[in-house]
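**Q** got a predicted structure plus its sequence, pasted below:
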Amino acid sequence: MSHTVQALLGGLFTWGLTALGGAMVFFFKELNRRALNAMLGFAAGVMIAASFWSLLAPAIEMSASPLPAIIGFLCGGAFLFAANRALPHLHGTPGAQPEGAKSNWRRSVLLVMAITLHNIPEGLAFGVAFGSVSAGQGSMSSAIALTIGIGIQNFPEGAAVSVPLRREGLSRWKSFLYGQASGVVEPIAAVIGAVLASAAREMLPFALSFAAGAMIFVVAEELIPEAQSGDDRASLSTIGAMLGFACMMALDTLL
């Protein structure tokens, strides 16, 4: 299969796990806050490990200087910073207020936008990883491990959209449809990342580190603060982050 088809299939896989997490709304109207915090912490740990093992480390190895990786990393964070400020969105924490530009969008749309913003760099990340393989600069096993890791951490993100929507008064089906819709962007971003990575091989270190910077921004700005909200004892989210990091590290090194 071509690298674009591989990236597309990877995106469909991660989208499917987002939908699976969104299906939690058929069983629960409200998730235990501590359990959700642990799952979000796990997602944060996976993203941190994936950013280093699957993106930053290969980017540094590909270049004679660490400068392209450093610049790409900072540019990825700057991109997400600008997107967070420009696009209106709302996180699922009880009592949360809309962020970004002011808008008259419904809260349900704002909730979907929040996770959609997270999913853009995730799709770009494994898309670039598959593109780097076609360019002869990356490892297929690393790209597959990255896709699996992102898919695993998409499960709690899907639940983090659909369950708050149910709490807002939407039906179970509408909550599920909105929840899974937040993952639609991943196959699109993955294909874009794969095409760009294969078209400009000299830009691979920058592209890989750009995706890593965007993912780390999401972790620091959104996932960790949200994982530690609503619970004075943040130990479960911390344990979840440690387990998520170990899981992703094992996936990447064993594969």
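**A** Okay, I see it.

**Q** contacts for stretch 48-63 next, please.
**A** Applying Cβ atoms under 8 Å, 6 or more residues apart in numbering, the set of residues contacting stretch 48-63 from outside is 66, 68-69, 72-73, 125, 128-129, 132, 137-139, 142-143, 145-146, 149-150, 204-206, 208-209, 211-213, 215-216, 219, 241, 244-249, 252-253. Glycine gets a C-beta too; all of them are placed from N, C-alpha and C.

**Q** could you list the low-pLDDT ranges of this structure?
**A** Flagging of the chain using pLDDT under 70 yields the residue ranges 90-97, 100-101, 105, 107-108, 230-234, 255.

**Q** all helices for it, in order.
**A** Assigned by DSSP state H, the chain shows helices spanning 3-22, 33-50, 57-62, 67-86, 107-134, 140-167, 172-181, 185-199, 204-218, 224-227, 235-254.

**Q** could you dump these to a markdown table with mean neighbour count and distance to residue 98?
**A** Shown next, in a markdown table, are those (neighbours: other Cβ atoms under 10 Å; distance: least, Cβ to Cβ, whole Å):
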| stretch | mean neighbour count | distance to residue 98 |
| --- | --- | --- |
| helix 3-22 | 23 | 21 |
| helix 33-50 | 25 | 20 |
| helix 57-62 | 20 | 35 |
| helix 67-86 | 17 | 12 |
| helix 107-134 | 26 | 5 |
| helix 140-167 | 25 | 13 |
| helix 172-181 | 20 | 16 |
| helix 185-199 | 23 | 20 |
| helix 204-218 | 27 | 18 |
| helix 224-227 | 22 | 15 |
| helix 235-254 | 19 | 24 |
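
**Q** residue 99 is nearest to which of those?
**A** Ranking the helices of the chain by proximity to residue 99 (Cβ to Cβ) places helix 67-86 first, at 7.0 Å.

**Q** and that closest one, how far out from the chain middle?
**A** With Cα atoms, centre = their mean, to the nearest Å as the basis, helix 67-86 stands 15 Å off its chain's centre.

**Q** for residue 119, see how far away the residue lying farthest from the centre of the chain is.
**A** The outermost residue of the chain relative to its centre, with distances by Cα atoms, centre = their mean, is residue 64 at 29.0 Å. Distance, residue 64 to residue 119, by Cβ to Cβ, to the nearest Å: 33 Å.

**Q** ditto for residue 236
**A** Distance, residue 236 to residue 119, by Cβ to Cβ: 24 Å.

**Q** ok, now residue 87?
**A** 13 Å.

**Q** and if you look at residue 251?
**A** Applying Cβ to Cβ to residue 251 and residue 119 gives a distance of 19 Å.

**Q** next one: residue 7
**A** 14 Å.

**Q** residue 214 now?
**A** From residue 214 to residue 119 the distance is 11 Å (Cβ to Cβ).

**Q** surely residue 180 touches residue 157?
**A** No: counting by Cβ atoms under 8 Å, residue 180 stays clear of residue 157, with 10.8 Å between them.

**Q** what do those two both touch?
**A** residue 18.

**Q** which residues touch residue 29?
**A** Residue 29 makes contact with 163, 166, 167 under the criterion Cβ under 8 Å, 6+ apart.

**Q** ok, those residues vs residue 188, which is closest?
**A** The nearest one, if we look at the contacts of residue 29 relative to residue 188 and count by Cβ to Cβ, is residue 163, at 25.0 Å.

**Q** can you report how many residues lie near residue 219?
**A** Look at residue 219: counted by other Cβ atoms under 10 Å, it has 20 neighbours.

**Q** do I have it right that it meets residue 47?
**A** Yes: in this structure residue 219 lies within contact range of residue 47 using Cβ under 8 Å: 5.1 Å.

**Q** mind checking how far residue 173 is from residue 185?
**A** 21 Å.

**Q** swap that for residue 41, sorry
**A** 23 Å.

**Q** over to residue 133?
**A** 22 Å.
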